[in-house]
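K.L.:
prediction below, plus the sequence it came from.
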Amino acid sequence: MKQLFNMFFVIGFLCVSVSLYAQKDTVDVSSDISEGNLNNAINDAIGTGTLDNTVFRLEPYGYYVLSAEVITPQSSHLDIWAPEPGTDQFSAPPQIVWTSSTAVTKDRMFGIQGDFTMRNVWVRSADVAGAQVGTCIQFDDDPINGNKGVFEGVIFEYFPAPPSPGGTINVLASHFKGTFINCYFRNCIDRQLRYYGRAVSFPYETEGWHNDSLYFENCTFANMGYVVMQEGAEYSDNVFFNHCTFINISMFTLESGWWYKLAVTNSIWVNAFMFGYIPAQGTAGSGCFDIQRVEDFGFTVPFTDQDRRILFTNSSYFLEPWLVDWQTTSSPWAIFLHNNRRDDEIPQPQPMLNEAALAFFDSISTETGLKAYPYMNRAEIYDSTDPGFINPPTNIDSIKVWLNKKWDTNTAHNWAWNLESGLNQEWPLPENLAYTNTMLQTAAMSGFPLGDLYHWWPAEYAQWETQKDAEWANILDMLENGITGIERIPGGSIPSEFTLSQNYPNPFNPTTQIKYSVPQTGQVSLKVYNTLGQEVATLYNGVQSAGNYRATFDGKGLASGLYLYRLKADKVSITKKFILMR
């Protein structure tokens, strides 16, 4: 666990620290309504051999037109930076777009053969006239040093399938480490292909590439094909999503099921599999997320199912009623299928976690009676809970047209939301993914709102930053060591005080259940002691949100006798006795 913790905090945070920029020379790049200023500045540094020691600073509300692809040398480091945006138009992030020239190759905005750091920049996969361009930010393999991409406060907008084809971040690297902090993937849609418009992906039909780590914190993904895609025999070692918001994802949010170490925490998902599942095409739903057995991968990996660490906790999932109705009942395609008695071809709404994933999370070993995969866990998932977004980036009518075309004729349609705001570099952005659901506003660890705090809950984000290291330590501990048999008791109101009930059954052999109540989010521990005061078991120790809970204690391996169990939280300590009788 300590190794994982060190890896993500050193790579994820120190790489974007201000001190990194202080060690380099800064080149101020003037905004250009013409084109080529950024190309020229970078090419000059490449020509003089100073690229690694240079930071290219862009102007707030600047406009930068690429006149050619930016291709960096092997094992180099490109840094592009802008000041953090404020709340007025003239503090908007600078925007990078393409020239309208048809003579320019536009396969890659940036071809990175080493490392790339970008802060507070708006990257738009369009030309100056607003026409969408099939392009990407591509990491080409640095076989000696590996590749790192660190993006903070970056808006990635309007990226479709690139020529490769792959994702907005296109990985052709044998060792890629991607860090995305406070980023927004906005309207990354493909007009024709429902499964393109991805945040991070390997290209189609490639082999040999690998993500050592993908780390997303306080990011939003709105109007996308997929978010992370693993292709062919290519998979990712460590994938983390913390405080992220997902809305309007056309198909698999996270694909495919070859996860090794994955954590999705404190996040909110809405309409995260809009295309739906077609029963006639298989026997089980696909869901937004899948876990496949290692033996079914079809390629060799250096881990077994028992080695895998997968965690879903403190997250919510919701399908809006208009989408469910359009999938199953009111769309022209659904009506046609029903009238022709082809109901098994009607798209069906999908859950966050499919049957295969639930089998891993919930399977009990027939030999031990305990959890079969103790390091694959789900907890505090709020299903079918409407967040009540204030102003979501959703064009319902356009999405309906697009979905019906995908189900029926498979013809193209542009379903992006409010493209004019991106074309006009409107700031602040017109959407608002803060929400009104009071339960979800305190459902994340330590009582914060679920989802992206940086973009939609700025006051809470400032408070969250003061405790994020402790939160990450808790997440990594749960991922590496598993979580206990604690479950939230559904329904009921939020309790008004801490309570600890008498266990049942009592006496017991070897298991018993303990109910307790937590009236407010905070640090909670539930531990078992012998009569000498020695701790014999920890049932829970960490941050827990308000609610009613049930803990299962297994006394297997302990001697018969009297024991004590103690709930501690805030300034409260409650102790009760129970008897293990063999």
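P.N.:
Nice, I can see it. Numbering: from 1, shown residues only.

K.L.:
the residue nearest to I169 when sequence neighbours are not counted: how many residues sit nearby?
P.N.:
Closest residue to I169 apart from its sequence neighbours, by C-beta to C-beta, 6 or more residues apart in numbering: V200 at 4.5 Å. (Each C-beta comes from the backbone N, C-alpha and C, glycine too.) For V200, the count of nearby residues is 26 (other C-beta atoms under 10 Å).

K.L.:
quick check, pLDDT for V200.
P.N.:
pLDDT recorded at V200 is 98.

K.L.:
i'd like the first residue to be 46 from this point on
P.N.:
In the new numbering, first residue 46, that becomes V245.

K.L.:
got a list of what it touches?
P.N.:
G212, T213, I214, V216, G223, N256, L259, V272, V273, M274 (C-beta atoms under 8 Å, 6 or more residues apart in numbering).

K.L.:
CSV please, covering the residues you listed and showing distance to S546.
P.N.:
Listed next are the contacts of V245 as CSV, based on distance: C-beta to C-beta, whole Å:
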residue, distance to S546
G212, 50
T213, 51
I214, 50
V216, 51
G223, 46
N256, 46
L259, 42
V272, 41
V273, 42
M274, 47
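
K.L.:
of those, which is the nearest to N232?
P.N.:
Among these, T213 lies closest to N232 (C-beta to C-beta), at 11.1 Å.

K.L.:
thinking again about what came up before, D97: which of the contacts of V245 is nearest?
P.N.:
The nearest member of the contacts of V245 to D97, counting by C-beta to C-beta, is G223 at 19.9 Å.

K.L.:
is that closest one in a bridge, and if so with what?
P.N.:
G194, L259 (DSSP bridges).

K.L.:
separation between it and D282?
P.N.:
Distance, G223 to D282, by C-beta to C-beta, to the nearest Å: 12 Å.

K.L.:
where do the contact lists of these two overlap?
P.N.:
Here G223 and D282 share the contacting residues N256, S258, scored by C-beta under 8 Å, 6+ apart.

K.L.:
that older thread, out of the contacts of V245, which are inside helices?
P.N.:
Among the contacts of V245, the subset assigned to helices under DSSP state H is empty.

K.L.:
so what's the residue count around G606?
P.N.:
Using other C-beta under 10 Å, G606 has 12 other residues around it.

K.L.:
quick one, phi psi at it?
P.N.:
For G606, the backbone dihedrals (degrees, to the nearest 10) come out as phi 150, psi -170.

K.L.:
what do you get for Q119?
P.N.:
Main-chain dihedrals, Q119, degrees, to the nearest 10: phi -60, psi 140.

K.L.:
excluding sequence neighbours, find me the nearest residue to it.
P.N.:
Q119 sits nearest to Q158 (C-beta to C-beta, 6+ apart), 4.7 Å away.

K.L.:
helix/strand/coil for S466?
P.N.:
Put simply, S466 is helix when judged by DSSP: H, G, I helix; E, B strand; the rest coil.

K.L.:
contacting residues around the residue nearest to Q119?
P.N.:
Here Q158 is in contact with I116, T117, P118, Q119, S120, S121, D185, D186, D187, N192 (C-beta under 8 Å, 6+ apart).

K.L.:
one step back: G223 and D282: which is more packed in?
P.N.:
Taking neighbours as other C-beta under 10 Å, G223 and D282 compare with G223 leading, 27 against 18.

K.L.:
how confident was the prediction at the more buried one?
P.N.:
As predicted, G223 sits at a pLDDT of 98.

K.L.:
was I right to think it contacts N215?
P.N.:
No. Counting by C-beta atoms under 8 Å, G223 stays clear of N215, with 11.2 Å between them.

K.L.:
so in terms of bridging, what pairs with the residue nearest to I214?
P.N.:
In this entry, V245 is beta-bridged to I214, V273, by DSSP bridges.

K.L.:
and it, how far from D124?
P.N.:
On the measure of C-beta to C-beta, V245 and D124 end up 20 Å apart.

K.L.:
may I ask which helix or strand of this structure has the lowest mean pLDDT?
P.N.:
Least confident helix or strand of the chain, by mean pLDDT, DSSP states H and E, is helix 47-57 with a mean of 44.

K.L.:
which residues in the stretch 446-595 of the chain form strands?
P.N.:
Counting by DSSP state E, counting those that start in this stretch, the stretch 446-595 of the chain has strands at residues 477-480, 531-533, 544-545, 556-563, 567-575, 580-589, 592-599.

K.L.:
sheet-wise, list the partners of the second one with their directions.
P.N.:
Sheet pairing for strand 531-533, assigned by DSSP bridges, gives strand 592-599 (antiparallel).

K.L.:
give me the sheet partners of whichever helix or strand comes after the strand it pairs with and which way each runs.
P.N.:
Moving toward the C-terminus from strand 592-599, the first helix or strand encountered (DSSP states H and E) is strand 606-614. Sheet pairing here is set by DSSP bridges, and for strand 606-614 it gives strand 567-575 (antiparallel), strand 617-625 (antiparallel).

K.L.:
what's the mean pLDDT across the last one?
P.N.:
Taken as a whole, strand 617-625 has a mean pLDDT of 97.

K.L.:
and what of the first one?
P.N.:
Mean pLDDT, computed over strand 567-575, is 88.
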